[in-house]
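Trainee: okay, sequence plus prediction incoming.
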Amino acid sequence: MLLPVCAGAQAAQAPAAEQIVALVQGSPQLRIDETIFSSGFDAQTHPFVNIRSAPEGTIGGYLVPESAHNGTLRDGTYVLAVPLDSGGSGGVFTQILFAGRSAKALAYIGYIDSAGHLSVSVEDGVIVARLPYYGDDSPNCCPKQYVVRTYAVRGGALIKLSERFKAAQDE
């Protein structure tokens, strides 16, 4: 199940799939792995992406450009969040983020990962990530809590601002 990446009301339309693939191709921190493919995804528009700084084989997934959304932070920075689908029941474990002064001048700034079903949005001028938090007796469908983290962009990097827990029934 894919969860949407939501954007603030002021957000413009996210770039097209071809533009997002080009952003990934132009980012030295990201690598398209042409040896991994799925019958469920078109390899041209939904390639498998690895993050070079992550431990080998731990962070990556199929690019899902149609679920990419954008928003503007309080300081005017334009942000684009693009999900990477695991191809399994956990859906989106990772989202890669790009930022810049405009949609035409974007650079990779980092990634947010989780134990699956990750949602990232731009709300009230900050990046908000919602990650499921499973207890010892929680089935994969039903987390007891969510971790809500907020992020900003500083010096071309993704910086965590806060983290709190929220009961699942509040979500």
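Mentor: That came in fine, so what should we check first? Numbering: from 1, shown residues only.
Trainee: how is the residue lying farthest from the centre of the chain assigned, secondary-structure-wise?
Mentor: When each C-alpha in the chain is compared with the mean C-alpha position (Cα atoms, centre = their mean), Asp137 comes out farthest, at 27.3 Å. Classification of Asp137 using DSSP: H, G, I helix; E, B strand; the rest coil returns coil.
Trainee: same question, Gln95
Mentor: For Gln95, the secondary-structure state derived from three-state DSSP is strand.
Trainee: contact partners for it?
Mentor: If you count contacts by Cβ atoms under 8 Å, 6 or more residues apart in numbering, Gln95 has them with 5, 81-84, 111-113, 118, 120, 129. Just so you know, the C-beta spots here come from the backbone N, C-alpha and C atoms, and that holds for glycine as well.
Trainee: please redo it, this time with the cut-off set to 10 Å
Mentor: Residues near Gln95 by Cβ atoms under 10 Å, 6 or more residues apart in numbering: 5, 61, 64, 67-68, 80-84, 110-114, 118-120, 127, 129.
Trainee: the residue most central in space within the chain pairs with what?
Mentor: Nearest to the geometric centre of the chain sits Gln95, at 1.8 Å (Cα atoms, centre = their mean). On DSSP bridges, the residues paired with Gln95 through beta bridges are Pro83, Ile112.
Trainee: quick check: end-to-end length of stretch 95-107?
Mentor: 14 Å (Cα to Cα, to the nearest Å).
Trainee: where do the strands sit along this structure?
Mentor: Assignment of strands within the chain using DSSP state E yields the ranges 30-32, 48-51, 60-63, 69-72, 78-85, 92-100, 107-113, 119-123, 126-133, 145-154, 157-167.
Trainee: among these, which is nearest Pro15?
Mentor: The minimum distance between Pro15 and the strands of the chain falls on strand 78-85, with 6.9 Å, by Cβ to Cβ.
Trainee: chain center to that closest one, what's the gap?
Mentor: In terms of Cα atoms, centre = their mean, to the nearest Å, the centre of strand 78-85 is found 4 Å from the chain centre.
Trainee: which one of the strands of the chain lies closest to Ala17?
Mentor: Nearest to Ala17, of all the strands of the chain, is strand 60-63, at 8.2 Å by Cβ to Cβ.
Trainee: thanks a lot, see you next time.
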